[in-house]
Structure formats: structure tokens, C-alpha cells
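Chemist: This is a predicted model, with the sequence first.
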There are 2 protein chains.
Amino acid sequence: MNNYTRILREHNLKATPQRLAMANVLHVDGHISIESLYAVMIEKFTSISLATIYKNINLMVENSFIQEVKIPHAKSVYELTKDTHSHIVCEKCGKVNDVSLDLSTIIDNATKQSNFKIDKTDLVLSGVCKGCQ
Amino acid sequence: MNNYTRILREHNLKATPQRLAMANVLHVDGHISIESLYAVMIEKFTSISLATIYKNINLMVENSFIQEVKIPHAKSVYELTKDTHSHIVCEKCGKVNDVSLDLSTIIDNATKQSNFKIDKTDLVLSGVCKGCQ
DNA sequence: CACTAAAGGACAATAATTATCCTTTTAGTT
DNA sequence: AACTAAAAGGATAATTATTGTCCTTTAGTG
Ligand SMILES: [Mn+2]
Ligand SMILES: [Mn+2]
Ligand SMILES: [Zn+2]
Ligand SMILES: [Zn+2]
């Protein structure tokens, strides 16, 4: 039993071929939009329904197996949940990369300033990647 | 000629009553979703079309007169463009507040790590506000 | 292998956003 | 103030994105 099968089962989700393939695409591509995911999936499952993609994406998000990343002026992408990290997106080519940044000082300041109890950060940096400069 | 009239004209946008009212709502409410904005606007302009709201929102965004703020697990809100700042949203009541945070160190680190030329940050902190704790 | 709940697929329904087309208004210009 | 051209508004159709329904198939369990 592979890794994704186990994780899906832990959330009482059946490990269907479609779901395992989705997990694999997410693993390989890293950050992918719904429409790109569908385009890749339909290669392997010629009759997969877009509804299946949506239903599974939503289930996986609810179970924190994957996460949505909202990108300025672009469609959301999805990724397998991993340790907290930030994102950097290229305004030219749209590439989305991970960046590991320590936001603890920022969170401390924001806590003082707002009196919120903060438990999550979503940081997306925008700019131009090496290749596009 | 009031302030918003002038700003709209600078962008070659006609200062219609609808647009001035929208700007005013954004000024008063701070961060507002399309549907809330429409709900407020229709009080003043009983026959305003939702298409007018969308068309104006899009025009104003294109002209950087306003900005979209994407919120995790919720609909986007819009605000008048002002100095760069971050946002903090309450997961209980949905309230969105501004926070002024110095991200320069973060940007430096991210630049080193990614080799991107960074020109914009979108940071949304999530948590629980004072009133909801 | 048999059984049952869950999931997939086709497609209808809904929600969100944009486009079209005609009328009205704005921002000048006489 | 009346005149005009371009822009914007409103009604509504069209498109796009997402969700729901319903029936068939499959995964997981014994
Ligand atoms: Mn990531
Ligand atoms: Mn703000
Ligand atoms: Zn690039
Ligand atoms: Zn709250």
C-alpha cells in the first residue's frame, strides 16, 4: 500500500485510481490549477468528469490533504499540504515557487497591533523570476 | 470637484454618480465584497445593474484605483488603494483589518532564496479577533 | 465471491462573471 | 444653454466556473 493510499484511508477516503493519480500529479507538478489538473488527468483517464476533479479537490481540501493557494490576478493553484511556507510568483511566466521564510517576528508584531490570535499566514510575493528578467 | 472626481478623471474615467458612490462605500467600509457592495449600492441606486458594479470594479482595478484582496476560504474583498499594508482576517466573524508590517527583511531573504526581483507582497494573516475569542 | 457504502461519470442546475445592445449621461464645445 | 461624441448605465443574454443529481461502477470488507 503506497503512501497516498494510506493518507487517503486515514481520512476515510477511498483510494481510487483517480485520486491516486491526482495526488501524483500534485506531487510532480507542485502547484497546479484546476484546469491544468483536468488537462493532465484526462490523458490518463479519458472519460474522467470535471465534476470528479472538483469533488475530489474539495474533499481533499476539507481533509487538509491539499491546500488552495490564491494568486493575485490569476487562478488559484493547489498543492499537497506540507510544512508552512510562502510562495513567490512570477508576473511574467506565472511560475509559482515555494519559499521558506521565518515570519515569527511579523506574527508577533501583527499580534501586538491587532490583538488577534493568529494561527495561519498566507504570503504570496510577486516579482519576476530569473529566467524572465 | 471632489477628490474622487479628480482621481477618476486622471484615469480618464468619467465621474458618474455610481462611481463616486462606489468610491465612497469603499472609503467608509474599507474592505467589501462584490455582493455586499451591490447590496449597499442598490439602496442608493434602486435600478443599478450588477453588471455596472462588475464593470466599474474591473476598471478601477485596472487603473489601480482600488485593489482586490484575496481571502482564504472566502470571497475576495476590495479596497481603495493606499500605502502597502497587510491584512488580518478573523476566521470566526470574517472581519478584515489592516496591519502595517515591515516586510523588508522577509523580502531580502526571499530574494536571496529565489533570485526573483520582488515588487509586491500579499500577506493575509488568519486568526481570531479580540471580540471572537 | 458477495455486499454495501462510496465514488465515478453524464449532465442538469446554479452561481459568478462578462458581453451585447440600446438608452442615457457626462464632459466638453460652440 | 444647446449640441455633440464618447463613455457609461441598465437590461438581459451569454459564457464560465462550480455544484448537485442520479444512476452505474468500484473499493473495501468479510
Ligand atoms: Mn507551495
Ligand atoms: Mn486593506
Ligand atoms: Zn518568469
Ligand atoms: Zn471575529
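Modeler: Thanks, I have it. Computed from a predicted model, the values in this text were never measured in an experiment. Ligands and ions are numbered 1, 2, ... in the order given.

Chemist: On the strand side of things, show who A:V128 bridges to.
Modeler: Counting by DSSP bridges, A:V128 forms beta bridges with B:K117.

Chemist: gap between the closest residue to A:T111 other than its chain neighbours and B:G127?
Modeler: Once flanking residues are discounted, A:T111 sits nearest to A:I118: 5.7 Å by CB to CB, 6 or more residues apart in numbering or on different chains. Where you see a C-beta, it was placed from the backbone N, CA and C, and this is true even at glycine. The spacing between A:I118 and B:G127, counted by CB to CB, to the nearest Å, is 4 Å.

Chemist: now A:N12: how far from ligand 2?
Modeler: Taking CB to the ion, to the nearest Å as the measure, A:N12 falls 40 Å from ligand 2.

Chemist: cool, and A:A74?
Modeler: 20 Å.

Chemist: Quick one, grab the pLDDT at that residue.
Modeler: A:A74 is assigned 97 on the pLDDT scale.

Chemist: Which residue, other than its chain neighbours, is closest to it?
Modeler: Take A:A74 and drop its neighbours on the chain: the residue closest to it by CB to CB, 6+ apart is A:G94, 6.5 Å away.

Chemist: Helix, strand, or coil at that neighbour?
Modeler: Applying DSSP: H, G, I helix; E, B strand; the rest coil to A:G94 yields a three-state assignment of coil.

Chemist: isn't it right up against A:K75?
Modeler: No - assessed by CB atoms under 8 Å, A:G94 is found out of contact with A:K75, at 9.6 Å.

Chemist: The residue nearest to A:A74: neighbour count?
Modeler: Residues near A:G94, counting by other CB atoms under 10 Å in any protein chain shown, number 16.

Chemist: go on, A:V28?
Modeler: 9.

Chemist: same check, this time on A:K95
Modeler: Count around A:K95 with other CB under 10 Å applied: 16.

Chemist: So for it, what's the nearest residue that isn't a sequence neighbour?
Modeler: Leaving out its chain neighbours, the residue that sits closest to A:K95 by CB to CB, 6+ apart is A:C129, at 5.7 Å.

Chemist: And A:N24, by the same measure?
Modeler: Nearest to A:N24 is A:Y4, by CB to CB, 6+ apart, at 7.3 Å.

Chemist: Run a quick neighbour tally on that neighbour.
Modeler: Neighbour number of A:Y4 under other CB under 10 Å is 19.

Chemist: Which helix or which strand is home to it?
Modeler: For A:Y4, the element it lies in under DSSP states H and E is helix A:3-10.

Chemist: could you point out which element follows that helix?
Modeler: The first helix or strand that comes after helix A:3-10 along the chain, using DSSP H and E, is helix A:17-29.

Chemist: tell me which strands and helices that next one is in contact with?
Modeler: Judged by 3 or more CB pairs under 8 Å, 6 or more residues apart in numbering or on different chains; DSSP states H and E, the packing partners of helix A:17-29 are helix A:3-10, helix A:34-44, helix A:50-62, strand A:77-80.

Chemist: Would you mind measuring from A:S104 to DNA strand C?
Modeler: Here A:S104 is placed at a distance of 34 Å from DNA strand C (CB to the nearest atom of the strand, to the nearest Å).

Chemist: Can you name the residues that contact that residue?
Modeler: Shown in contact with A:S104 (CB atoms under 8 Å, 6 or more residues apart in numbering or on different chains): no residues.

Chemist: Quick check: pLDDT value at it.
Modeler: You'll see A:S104 listed with a pLDDT of 98.

Chemist: so who does the residue nearest to A:K95 touch?
Modeler: If you count contacts by CB under 8 Å, 6+ apart, A:C129 has them with A:90, A:92-93, A:95, A:97, B:114-116.

Chemist: how much space between it and B:K117?
Modeler: Using CB to CB, A:C129 is found at 8 Å from B:K117.
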